[in-house]
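Trainee: Need the 3D shape of this:
(2 chains)
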Amino acid sequence: NAGVTQTPKFQVLKTGQSMTLQCAQDMNHEYMSWYRQDPGMGLRLIHYSVGAGITDQGEVPNGYNVSRSTTEDFPLRLLSAAPSQTSVYFCASTRGLRETQYFGPGTRLLVL
Amino acid sequence: KNQVEQSPQSLIILEGKNCTLQCNYTVSPFSNLRWYKQDTGRGPVSLTIMTFSENTKSNGRYTATLDADTKQSSLHITASQLSDSASYICVVILDNDYKLSFGAGTTVTVRA
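Mentor: Numbers count the residues shown, from 1 in each chain, chains lettered A, B, ... in the order given. Coordinates of the predicted model:
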C-alpha cells in the first residue's frame, strides 16, 4: 500500500494563477480531507468528503474547490491563487470518525 | 481562540531524559483525543487515540494520559532518543463531527 500520496511536493505560483493539488489513497477509505498548516497554528480543515460524490466545507474553504468522483482521489483546486494561500497543504484519509487518520507527505505552496 | 492549547511551545532535552507535553482543550462533547508526531517536512503520524473513558494509552516509549473532568491531556516521552525530535500535536475530535480541532503543537528537540 502506498497509503496517501500527494503531488506535487512543491509548487510556486503567481498571484491569480490556478492549479490543482492531487491526493490519492489506496486504502479504500471513505473519509478524506484537506488541511493547511501555517507557522504557529494548528492544522485547519479546508474541505472534506465522507464518500464519493459528497463534499463539505471545513473551517477555511474560501478560495478552494474540491470534488470526489472516486473513492481514491480527492483533488484540491485553487481558483485564483493569492499570497495568503502560501502554506503547506496536507491531505488525509480515514476509515471512520473514530479510526486512525493517515496523512500524506504534504505539498508546499508558495504564491508570489 | 484556539480550542486546543498546547504547552510548552518548544523544549530541548538531552538524549535519554524524559519529558512531558501538555494539552488543554475546551471543545465538548468530544469523541476522542489523539496525539500525533510530525517530523520536519512530513505529514503527522498517529501515536495514540483515547476515548473520553480512557485514562491512559501507551505506544512504546510514548504514554498519553487524559483527564476528561479537567479537560487536560499529557504526552510523556520516556528515555528520549534523537529520533524523537519532532512536533507533537494534540487533536480533539467532537462527538459525531468530522471537524477535528488541532493544537499548534510542541516542538521537541533531543540533543546528544
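Trainee: So which residues on chain A come close to chain B?
Mentor: If contact is defined as Cβ under 8 Å from any Cβ of the partner chain, the residues of chain A in contact with chain B are A:4, A:31, A:33, A:40-45, A:48, A:50, A:58-59, A:90, A:92, A:97-98, A:100-106. All C-beta spots, glycine's among them, are computed from the backbone N, C-alpha and C.
Trainee: what is residue A:24 paired to in the beta sheet?
Mentor: Partner residues in beta bridges with residue A:24: residue A:5, residue A:73, with DSSP bridges as the criterion.
Trainee: near chain A, which residues of chain B?
Mentor: Proximity of chain B to chain A (Cβ under 8 Å from any Cβ) is limited to residues B:2, B:4, B:31-32, B:34, B:41-46, B:49, B:51, B:89, B:93, B:96-105.
Trainee: are any of those residues buried, and which?
Mentor: The neighbour count (16 or more other Cβ atoms under 10 Å in any protein chain shown) marks B:4, B:31-32, B:34, B:43-44, B:46, B:49, B:89, B:93, B:98, B:100-105 as buried among the residues of chain B next to chain A.
Trainee: Okay, and the closest residue in space to residue B:91 that isn't next to it in sequence sits in which element?
Mentor: For residue B:91, ignoring the flanking residues on the chain, the nearest one in space by Cβ to Cβ, 6 or more residues apart in numbering or on different chains is residue B:34 at 4.4 Å. Using DSSP states H and E, residue B:34 sits within strand B:30-38.
Trainee: Identify all contacting residues around that strand.
Mentor: When contacts are taken as Cβ atoms under 8 Å, 6 or more residues apart in numbering or on different chains, the neighbours of strand B:30-38 outside the stretch itself are A:97-98, A:101, B:23, B:25, B:44-52, B:62, B:64, B:66, B:73, B:75, B:86-97, B:105.
Trainee: Now intersect the residues you listed with the helices, please.
Mentor: Counted as lying in helices by DSSP state H, out of those, is not a single one.
Trainee: does the residue nearest the centre of chain A have beta-bridge partners, and which?
Mentor: The C-alpha lying nearest the average C-alpha coordinate of chain A belongs to residue A:34 (Cα atoms, centre = their mean; 3.0 Å). Counting by DSSP bridges, residue A:34 forms beta bridges with residue A:47, residue A:91.
Trainee: Which is the succeeding secondary structure element to the lowest-mean-pLDDT helix or strand in chain B?
Mentor: Across the helices and strands of chain B, mean pLDDT, DSSP states H and E gives its lowest value to strand B:100-102, namely a mean of 87. Of the helices and strands lying after strand B:100-102 in sequence (DSSP H and E), the nearest is strand B:106-111.
Trainee: Residue B:56 pairs with what?
Mentor: Note on residue B:56: beta-bridge partners residue B:65, judged by DSSP bridges.
Trainee: Can you get me a residue count around it?
Mentor: By other Cβ atoms under 10 Å in any protein chain shown, the residues close to residue B:56 number 12.
Trainee: check contacts around it.
Mentor: Taking Cβ under 8 Å, 6+ apart, one finds B:50, B:63, B:64, B:65, B:66 in contact with residue B:56.
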